[in-house]
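> I would like the atomic coordinates for the input below:
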Amino acid sequence: MDSPAITDREFALFQRLIYRLAGISLSDAKKILLVGRLGKRLRHHGLTSFGDYYRMLASGEHPDELQTMVDLLTTNETYFFRESAHFDFLGEFAAGRRGQPFRIWSGACSSGEEPYTMALVLAETLGLSAPWEIVASDISLTVLERARAGHYPIERAEGIPPPLLKKYCLKGVREQEGSFLMCKELRERIDFRQLNLVALDARDIGHFDLIFLRNVMIYFDNDTKRKVIANMVPHLKTDGRFIVGHSETLNGITDELAVLRPTLYKRATPQR
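I've put the predicted structure just below:
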């Protein structure tokens, strides 16, 4: 059964809804993506139009379905060691703080490949007995459950160097064949949390030596970017570093961070 067509008016309703909930600006070019991802929910509920589905969400009577909608529209592709230069920097930066507690925040962790890559680098650089910790957050409960499990199809291991794969990952056998599991020692180092960066309530999250916020701001307009950065910067240590994706920049977004090189920022020196 094909998904029903969506009218311009219905699409505009969903654009406003996902912007209000997650700060994501869905361009008109994303209409096909929305229909593809949400069409299955219409079929699940026996609905015949996107207008009916929107009214169901807007009623406030189905919070679980609202979360499902957010999950479907905010899940993005990721992979291990994506933009590998950032993980080279992580190893160098962490080595310079050896012997001290070291904390990282993966601000949009999706299905967990980014924080597990961080864990692999820190395990190799600092060791498993060193005092390091990773907080990994996302707005989607679905991807957080997947990330917390640390269990992936074997083809997802493509970016992991073979020695690290052998050392820190368990290859599935019998009914788990064709998959791998991140080892318990790494899984236990990552604190997965559901956080909405646009309306951040993270009073107990503490401060970080390094914050990664990569490949998510491309979905935000400038006002939302400013709000997100303003919410996150207070959690960056005074001598910490902030990293964005290679297609992103904080130019014109904040004066609290100063660029060291493309994608890498430090706290700005206060003006006297």
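> C-alpha only now, for contacts and for neighbours.
Will do.
> what residue lies at the spatial centre of this structure?
Centroid-nearest residue in the chain, with CA atoms, centre = their mean: Ala108, separated by 1.8 Å.
> contact partners of stretch 95-110?
Applying CA atoms under 8 Å, 6 or more residues apart in numbering, the external contacts of stretch 95-110 come out as 75-78, 94, 114-115, 125-126, 130-140, 143-144, 147, 197, 207-214, 216.
> show me where the protein has strands.
Counting by DSSP state E, the chain has strands at residues 102-106, 132-138, 151-153, 169-171, 179-182, 190-194, 208-213, 236-244, 257-261, 264-267.
> Next, the distance between the ends of stretch 213-229.
Distance between the boundary residues of stretch 213-229 (CA to CA, to the nearest Å) amounts to 9 Å.
> and it, average pLDDT?
The predicted model assigns stretch 213-229 a mean pLDDT of 92.
> Now do that stretch: distance to the chain's middle.
In terms of CA atoms, centre = their mean, to the nearest Å, the centre of stretch 213-229 is found 12 Å from the chain centre.
> lowest-pLDDT helix or strand in this structure?
Taking all helices and strands of the chain together, the one with the lowest average confidence (mean pLDDT, DSSP states H and E) is helix 63-74, at a mean of 87.
> Give me the distance between Asp209 and Leu126.
When distance is defined by CA to CA, Asp209 is 14 Å away from Leu126.
> Ok, Asp191 next?
Taking CA to CA as the measure, Asp191 falls 18 Å from Leu126.
> More neighbours: these two, which one.
A count of neighbours by other CA atoms under 10 Å puts Leu126 above the other of Asp191 and Leu126, at 18 against 14.
> List the contacts of the more buried one.
Taking CA under 8 Å, 6+ apart as the contact definition, Leu126 lies against 94-95, 98.
> can you tell me how far it sits from Cys109?
Using CA to CA, we find Leu126 at a distance of 22 Å from Cys109.
> Okay, domains of the chain per the record?
According to automatic domain parsing, the chain comprises the domains 8-74, 85-267.
> The stretch 51-200 of the chain: helices as residue ranges?
For the stretch 51-200 of the chain, helices defined by DSSP state H, counting those that start in this stretch occupy the ranges 63-74, 85-95, 113-125, 141-149, 162-168, 184-187.
> Out of those helices, which is the most enclosed?
helix 113-125 (a mean of 22; mean count of other CA atoms under 10 Å).
> could you dump that one to PDB, C-alpha only?
Extracted C-alpha coordinates of helix 113-125, given in PDB (Å, rounded to 0.1, in the frame of the first residue of the first chain):
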ATOM      1  CA  GLU A 113      29.300   5.300  16.100                       C
ATOM      2  CA  GLU A 114      30.800   8.600  17.100                       C
ATOM      3  CA  PRO A 115      31.000   8.000  20.900                       C
ATOM      4  CA  TYR A 116      32.300   4.400  20.400                       C
ATOM      5  CA  THR A 117      35.000   5.800  18.100                       C
ATOM      6  CA  MET A 118      35.900   8.200  20.800                       C
ATOM      7  CA  ALA A 119      36.100   5.300  23.300                       C
ATOM      8  CA  LEU A 120      38.300   3.300  21.000                       C
ATOM      9  CA  VAL A 121      40.700   6.300  20.700                       C
ATOM     10  CA  LEU A 122      40.800   7.000  24.400                       C
ATOM     11  CA  ALA A 123      41.200   3.300  25.300                       C
ATOM     12  CA  GLU A 124      44.300   3.200  23.100                       C
ATOM     13  CA  THR A 125      45.600   6.600  24.100                       C
END
